[in-house]
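# Only the shape, not the letters, is given here:
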């Protein structure tokens, strides 16, 4: 079991740091995304495929997978940033592997190499359907810390 | 003046083809995006920076620039696809050049090379503020036609 | 010990298929690269940092890391391609994590999702120095099978 | 006629700055590449498709297009860097549009946005055959200045 309970989360300064930034990002609320796991160098974000988050065939829009994947990767970098800094996406690339359909999308962002000036990050987005999981997107990008 | 008037648009089969797909994509409605220009190999999409489309500092979320850039690029490929086909994003990369702020974001997607199996596309996203325009993102990606 | 001995390699049809293509690619000989591991969906290529493969500071040129990373990823896709096909790189992105220095570079390419029309691949390039290894590059790309 | 004559080049401090770094990069000599144009924010590099620069079908290896495209883009950033700095590639992505064949490859790198911490660059690689030119690759990446 990777996710910690609500009580643990609220008393975890690392989780609180990320949640505080997350809560100020209205796009994430629009998409129904929520922060579900924060560890040093790793952040997980989950989002339903809302009726308003779809492409023309009814699957999750690539913009949804991108948004939660980019955000999970950026916040993974935030867990390793010095205090008083935010994270900006310099660039990020997404490969789409399968249509986004199912109960929920789960994005896991990871820091591959933390640097003082830039960090290299990846994210995987999987779709959960019942008990099964399928990778729908892989992202690889560059994040930059900036004073908040 | 690049944009054609509403009457011209409605009678333009190419514009109608793209608009028909656009209208079935709920994510674009959620973000307030609209289709404003369609030519062979080129599509323009505009979106306001809605209160619900922002990142933690109040600028446009990268997910907004990505979504309209990816969509403009994909629909640019659709203008050159054989009838009865939709376009899927295979992959796309975004470089973020400046914070997304201002009155409106304008994404212009272009086909760089049309292929039978895949097409290479680019998109530029600019922010309009009053009479000035500033590039906020550049995208480069790969699109694939699939039977609708 | 991951690498199989020379005898095993020569009698392995999968290794032979990749080696046959590898031997016809003069760029790999120019860079001193050699094929060291072939499994379904995974290929490893090693190359020294030759005096003629360097950038202005004396480290491995990004072009060396790219070439062996791209090739390992492409040949990983070849291991899953139907007979009579070659693999073309549609696109690939490289993030450079550290200067390429040491005794040897080792690129490991992997298929992340095999598709009939395109496959998504990744590669990691590490530098070996004495007994230690350091990641110098991560690649993520798209490969396409074409009739030979 | 874009290229300036040899005399003009040798007396141009900007050309000399780039040529000095170029001459210390042995990989470029191995591939037969030469610096042919330097302007603020723009660098052109040309390379023949040497017998030793090919992939398994006899076309230019993607590693050749990548190397001259990446180098042209990086040196374009160098033309705008403060004195005493070199340029490192943070990341770069290449889309391959057509097989690299013909008399010569020409890479033109451009700075799309110069920044203090990172710059966004693009490059186009074309193949020249007789009097005709065909785009074989497009690159988009991120460069970072570092003290030399």
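Happy to help now that I have it. Everything numeric in this text was worked out from a predicted model, so none of it was measured.

# What residues does chain A have near chain B?
Proximity of chain A to chain B, by Cβ under 8 Å from any Cβ of the partner chain, involves residues A:21-22, A:24-31, A:51-57, A:61-64, A:66-67, A:70-71, A:86, A:88-96. Any C-beta I mention is one placed from the backbone N, CA and C, and that applies to glycine too.

# Can you give the distance of the longest strand seen in chain A from its chain's centre?
The strand that spans the most residues within chain A, counting by DSSP state E, is strand A:132-147. Between the mean C-alpha point of strand A:132-147 and the mean C-alpha point of its chain there is a distance of 7 Å (Cα atoms, centre = their mean, to the nearest Å).

# Just list what it packs against, helices and strands only.
The helices and strands touching strand A:132-147, judged by 3 or more Cβ pairs under 8 Å, 6 or more residues apart in numbering or on different chains; DSSP states H and E, are helix A:62-78, strand A:85-96, strand A:119-129, strand C:85-96, strand C:104-113, strand C:132-147.

# Wait, residue A:24 touches residue B:59, no?
No. Look at residue A:24 against residue B:59 with Cβ atoms under 8 Å: they stay out of range, at 11.4 Å.

# Just want to know which of these two has more residues nearby.
When residue A:24 and residue B:59 are compared on other Cβ atoms under 10 Å in any protein chain shown, the one with more neighbours turns out to be residue B:59, at 20 against 14.

# Just list the residues touching the nearest residue to residue A:19 once chain neighbours are set aside, thanks.
With sequence-adjacent residues excluded and distances taken as Cβ to Cβ, 6 or more residues apart in numbering or on different chains, residue A:19 is closest to residue A:35, at 5.5 Å. Residue A:35 makes contacts with A:15, A:18-19, A:22, A:43-45, A:75, as judged by Cβ atoms under 8 Å, 6 or more residues apart in numbering or on different chains.

# now the helix or strand hosting residue A:35, how far from the chain's geometric center?
With elements delineated by DSSP states H and E, residue A:35 resides in strand A:34-39, which encompasses its position. Here strand A:34-39 is found 8 Å from its chain centre; the criterion is Cα atoms, centre = their mean.

# Give the rounded mean pLDDT of the helix or strand following that strand.
Scanning forward in sequence from strand A:34-39, with DSSP H and E defining helices and strands, the next element found is strand A:42-47. For strand A:42-47, mean pLDDT is 98.

# for strand A:42-47, which positions count as buried?
Within strand A:42-47, the residues scored as buried using 16 or more other Cβ atoms under 10 Å in any protein chain shown are A:42-47.

# and what of stretch A:48-65?
A:48-50, A:52-56, A:59-65.

# what does that stretch contact?
The set of residues that contact stretch A:48-65 without belonging to it, under Cβ under 8 Å, 6+ apart, is A:31-32, A:47, A:94, A:96, A:99-105, A:107, A:125, A:127, A:136-137, B:21-22, B:24-31, B:63-64, B:66-67, B:70-71, B:86, B:89, B:92.

# for residue A:49, helix, strand, or coil?
Three-state secondary structure (criterion: DSSP: H, G, I helix; E, B strand; the rest coil) places residue A:49 in coil.

# about what we covered before: between the buried residues of stretch A:48-65, which is nearest residue A:82?
Distances from the buried residues of stretch A:48-65 to residue A:82 were compared by Cβ to Cβ; the smallest belongs to residue A:65, at 29.9 Å.

# ok, now how distant is the closest one from residue B:72?
Relative to residue B:72, residue A:65 is positioned 18 Å away (Cβ to Cβ, to the nearest Å).

# Now, of the contacts of stretch A:48-65, which are buried?
Of the contacts of stretch A:48-65, these count as buried by 16+ other Cβ under 10 Å: A:31-32, A:47, A:94, A:96, A:100-102, A:105, A:107, A:125, A:127, A:136-137, B:21-22, B:25-28, B:30-31, B:63-64, B:66-67, B:70-71, B:86, B:89, B:92.

# and stretch A:81-101, what's its mean pLDDT?
Mean pLDDT, stretch A:81-101: 96.

# same question, stretch A:69-78
pLDDT averaged over stretch A:69-78 equals 98, rounded to a whole number.

# Please compute how far it lies from its chain's middle.
5 Å.

# I'd guessed residue A:74 sits against residue A:109; true?
Yes. In terms of Cβ under 8 Å, residue A:74 counts as a neighbour of residue A:109; the distance is 7.1 Å.

# overlap in contacts of the two?
A shared contact of residue A:74 and residue A:109, defined by Cβ under 8 Å, 6+ apart, is any residue touching both; here these are residue A:121.

# Identify the residues contacting the closest residue to residue A:74 other than its chain neighbours.
Spatially, and ignoring its direct neighbours in sequence, residue A:74 is nearest to residue A:87 (4.7 Å; Cβ to Cβ, 6+ apart). Residues counted as contacts of residue A:87 (Cβ under 8 Å, 6+ apart) are A:74-75, A:77-78, A:81, A:143-146.

# Go again with 7 Å.
By Cβ atoms under 7 Å, 6 or more residues apart in numbering or on different chains, the contact set of residue A:87 is A:74, A:77-78, A:81, A:143, A:145.

# Bridge partners for it, pull those for me.
Beta-bridge partners recorded for residue A:87 (DSSP bridges): residue A:145.

# do you know how far the spatially most central residue of chain A is from residue D:70?
What sits nearest the mean C-alpha location of chain A, by Cα atoms, centre = their mean, is residue A:72, with 2.0 Å. In this view, residue A:72 and residue D:70 are 29 Å apart by Cβ to Cβ.

# go on, residue A:118?
Counting by Cβ to Cβ, the gap between residue A:118 and residue D:70 amounts to 17 Å.

# For the closest residue to residue A:93 other than its chain neighbours, give me its contacts.
The shortest distance from residue A:93 to any residue that is not its chain neighbour, by Cβ to Cβ, 6+ apart, is 3.7 Å, and that residue is residue B:93. For residue B:93, the set of contacting residues under the criterion of Cβ under 7 Å, 6+ apart consists of A:91, A:93, B:139-141, C:93, D:93, D:140.

# So which bits of chain A are right by chain D?
Taking Cβ under 7 Å from any Cβ of the partner chain as the measure of proximity, chain A contacts chain D at A:90-91, A:93, A:117-118, A:142, A:144.
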